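Asks: the sequence and its predicted three-dimensional model are supplied below.
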Amino acid sequence: MKSVVAIVNQKGGVGKSTTAINLAAYLATKGERILVVDMDPQANATSGFGVEVGYGGCMYDVLLEGKSIEDISRKTGIEGLWVAPSSINLVGAEVEMVSAMAREMKLKRAIEKLPQDRYDRVLLDCPPSLDLLTLNALTAADEVLIPVQCEYYALEGLSQLMQSIRLVKKELNPELEVGGVLLTMYDSRINLAKQVAEEVRTFFGERVFRTIIPRNVRLSEAPSFGMPVALYAPKSSGAEAYASVAEEVIGRG
C-alpha cells in the first residue's frame, strides 16, 4: 500500500466528500486499486458512489463491533474502486468510543489488518469536525489532504486544524505529514477567490496542488445520481480538474 490519505477540514461544505469520490474515481481509472473509507456519519461518500449499507454493515461495525473493513467493503461502478460505507449509526460510535481503550487507534488497527497487496491507496473521508472520528483518521493516515474553499472564511479554522495535526504528530502518529492542499469551488470571476488562492499558496507553498477545482454544476449534480463525475459528466470542467489532480497525486507518489 502506497499511502493512507485523510481528507480533512473541520469546515463543512469545502469539498471533502466531492474530493474523496472524484479523486478516488480518477486514481482507479488510471490503474490504482483504491479503497475509500467513509468516516462521516452523513455518508456522503457512500451515497455519492450509489452504494447502500447492506447486511455486511458499515464503519460503525468496524470501529465498535470488531468487523474487518474487508467484510463491509462494497464494489463501486468503477473497476478497482471499493468503498467502506458509513451510515447515521456512526454518530453513536463517537459517543461509545469515549470510554474505550486506545480509542484513537481503532481505525489504524483495522487498516493494519488489510492485506498489504490488496489496495494501492486508501482515502479517508472525514466528518466536518475535529472529533474522535477525525482523530482516528489522523492517527491512521500517512498524510493529510486539505480541501480549501476559495471563499470568505476559507482560512478560518485552518490554524486550529494545523494545531491538531501537530498534536497528533507529536502524541500519536509521528509519521503524519500534510501531503497536499487542494483549492476548491474556485470562481475566476470573483476577485476574492483569487486573493484566497494567493493567501493559501503563500501559507502552504509547494504543498498546494497546481490544479484548482472550479465551481461546476456537473460536480454538484453527480452525487444525486450516485456517480462520480468521471461517469456522470467526464467532459465537464470539474471532471477534467479532478483527472488532473489525480495525475499530480500519482506524480507525488
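Replies: Happy to help now that I have it.
Asks: any weak-confidence spans in the stretch 51-200 of the chain?
Replies: Residue ranges of the stretch 51-200 of the chain with pLDDT under 70: none are present.
Asks: show me where it has strands.
Replies: In the stretch 51-200 of the chain, the segments counted as strands under DSSP state E, counting those that start in this stretch are 74-75, 81-84, 121-125, 143-149, 177-184.
Asks: save the ones you listed as CSV, and put in mean neighbour count too.
Replies: Placement of C-beta: from N, CA and C, glycine included. As requested, the strands of the stretch 51-200 of the chain are exported to CSV (neighbours: other Cβ atoms under 10 Å):
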stretch, mean neighbour count
strand 74-75, 14
strand 81-84, 26
strand 121-125, 27
strand 143-149, 23
strand 177-184, 20
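Asks: got TSV for the ones you listed, with distance to residue 29 too?
Replies: Output for these, formatted as TSV (distance: least, Cβ to Cβ, whole Å):
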stretch	distance to residue 29
strand 74-75	15
strand 81-84	9
strand 121-125	13
strand 143-149	19
strand 177-184	18
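Asks: and those strands: which comes nearest residue 9?
Replies: strand 143-149 (5.5 Å; Cβ to Cβ).
Asks: contacting residues around residue 173?
Replies: Listed by Cβ atoms under 8 Å, 6 or more residues apart in numbering, the contact partners of residue 173 are 108, 138-141.
Asks: now the helix or strand residue 241 falls within: average pLDDT?
Replies: Using DSSP states H and E, residue 241 maps to helix 237-252. Mean pLDDT, helix 237-252: 96.
Asks: with stretch 16-26 instead?
Replies: 97.
Asks: what sits up against that stretch?
Replies: Under Cβ under 8 Å, 6+ apart, the answer for stretch 16-26 is 7-9, 34, 36, 38, 40, 42, 44-45, 48-49, 78, 81, 123-126, 128, 145, 147, 182, 184, 213, 219, 222-223, 228-231, 238-239, 242-243, 245-246, 249.
Asks: pull out the buried positions in the helix holding residue 241.
Replies: For helix 237-252, burial by neighbour count (16 or more other Cβ atoms under 10 Å) applies to 238-239, 241-246, 249-250.
Asks: tell me what that helix is packed against?
Replies: With contacts defined as 3 or more Cβ pairs under 8 Å, 6 or more residues apart in numbering; DSSP states H and E, helix 237-252 has these neighbours: helix 16-29, strand 177-184, helix 217-221, helix 229-232.
Asks: my guess is residue 94 contacts residue 133. True?
Replies: Yes - Residue 94 lies in contact with residue 133 (Cβ atoms under 8 Å); the separation is 6.0 Å.
Asks: neighbour count: the two, which is higher?
Replies: residue 133 (24 against 18; other Cβ atoms under 10 Å).
Asks: residues contacting the nearest residue to the more buried one once chain neighbours are set aside?
Replies: The spatial neighbour of residue 133 that comes closest, neighbours along the chain excluded (Cβ to Cβ, 6 or more residues apart in numbering), is residue 39 at 5.0 Å. Residue 39 sits next to 59, 86, 90, 107, 124-127, 133-134, 136-137 when contact means Cβ under 8 Å, 6+ apart.
Asks: counting neighbours, what do you get for the nearest residue to residue 120 once chain neighbours are set aside?
Replies: Leaving aside its chain neighbours, residue 120 sits nearest to residue 32 (4.2 Å; criterion: Cβ to Cβ, 6+ apart). Residue 32 has 18 neighbours, counted by other Cβ under 10 Å.
Asks: next up, the contacts around residue 32.
Replies: 80, 120-121, 250.
Asks: I'd like those residues as TSV, with distance to residue 162 appended.
Replies: TSV is the format used below for these (distance: Cβ to Cβ, whole Å):
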residue	distance to residue 162
80	33
120	28
121	23
250	26
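Asks: quick one: which of those residues is nearest to residue 13?
Replies: Out of those, the member with the shortest distance to residue 13 (by Cβ to Cβ) is residue 121, at 25.0 Å.
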